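Participant: Just the structure for this:
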Amino acid sequence: MPAFRIAPAVADAFPDTLIALVTAAGLRGREPWPDTTAALEDLEQQLADGTWQPADETDPRIEAWHTAYRSFGTNPRRIRPSVDALGRRMAKKGTLPRINPAVDSYNAVSVRHGLPAGAFDLDQVTGDVEIRYAEGSEEFTPLGEPDTVENPKPGEIIYADTTGVLTRHWNHRDAHRTRVTEDSTHVAFVLETLHADRDGHLLKSAADELQSLLAPHAEQTAVHYLSPAQPHVGA
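Facilitator: Residues are numbered from 1 along each chain as shown. Predicted coordinates:
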């Protein structure tokens, strides 16, 4: 597995960050995942019943990401954190999208716990992955737009490997190159909070829940944690 690192400047700026890295090897994305199907349907039923609703921008978990986005020059109401956009979509439509079992699993966990989530096909990652401030010369091809090339703004927080950008605006959108498909077998999933003291227990519950959805369909799963105190995981 590639190493995942938080750059010192990001760790200094966001000292209470905690990131769960849930890895799965030997993933089988073409078989039925009944627990994931049930998790999606359960959330949708709770929303319909009025017993639960997704966190919105008034929630401290989402508000923290809006504040972070503004700190590096991104307007979070125009370019929203992934969990904010997903929750708004669910609140409007009443349903979550169905992409493939692995993606559906982290979407369900993300919106249930109000925490941003993403995933990378590790067979498409080159070198190590770093969460850092962009220089502005890096290249990013957005998910679903294989012919588009963007450059992040200097100072924007990104996930990047040695080839290019894996996510823009920290957790707004993933790259097309490392997207998770039904045929992805070696995947790293990330769940994030900027307030470990307040929400660390939520993050750990979410990581455990995601691992439990993945484990029946993988040869091996593991959970690691990245933080300013432990800024490096992996090789």
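
Participant: and N107, that one's in a strand?
Facilitator: No. Counting by DSSP: H, G, I helix; E, B strand; the rest coil, N107 is located in no strand; its state is helix.

Participant: Next up, the contacts around the closest residue to A55 other than its chain neighbours.
Facilitator: With Cβ to Cβ, 6 or more residues apart in numbering as the measure, G114 is the residue that lies nearest to A55, at 3.5 Å, once sequence neighbours are left out. Every C-beta, even on glycine, is put in place using the N, C-alpha and C of the backbone. When the contact criterion is Cβ atoms under 8 Å, 6 or more residues apart in numbering, the partners of G114 are P54, A55, D59, R61, I62, V83, G87, L202.

Participant: Narrow these to just the buried residues.
Facilitator: The neighbour-count test (16 or more other Cβ atoms under 10 Å) applied to the contacts of G114 identifies P54, A55, R61, I62, V83, G87, L202 as buried.

Participant: Please tell me how far the residue lying farthest from the centre of the chain sits from A55.
Facilitator: Taking Cα atoms, centre = their mean as the measure, the residue most remote from the mean C-alpha position of the chain is D49, 27.4 Å away. From D49 over to A55 the distance is 18 Å, taken as Cβ to Cβ, to the nearest Å.

Participant: Do a quick rundown of the helices in this protein.
Facilitator: Counting by DSSP state H, residue ranges of the helices within the chain are 8-13, 34-49, 60-71, 82-93, 101-113, 196-214.

Participant: re earlier: check the buried ones among the contacts of G114 against G136 and report the nearest one.
Facilitator: Distances from the buried ones among the contacts of G114 to G136 were compared by Cβ to Cβ; the smallest belongs to V83, at 26.0 Å.

Participant: thought that closest one was touching V109?
Facilitator: No. Applying Cβ atoms under 8 Å, one finds V83 not in contact with V109, separated by 10.1 Å.

Participant: shared neighbours of the two, anything?
Facilitator: Jointly contacting V83 and V109 under the rule Cβ under 8 Å, 6+ apart are L115, A117.

Participant: Low-confidence stretches in the protein?
Facilitator: Applying pLDDT under 70 to the chain flags the ranges 235.
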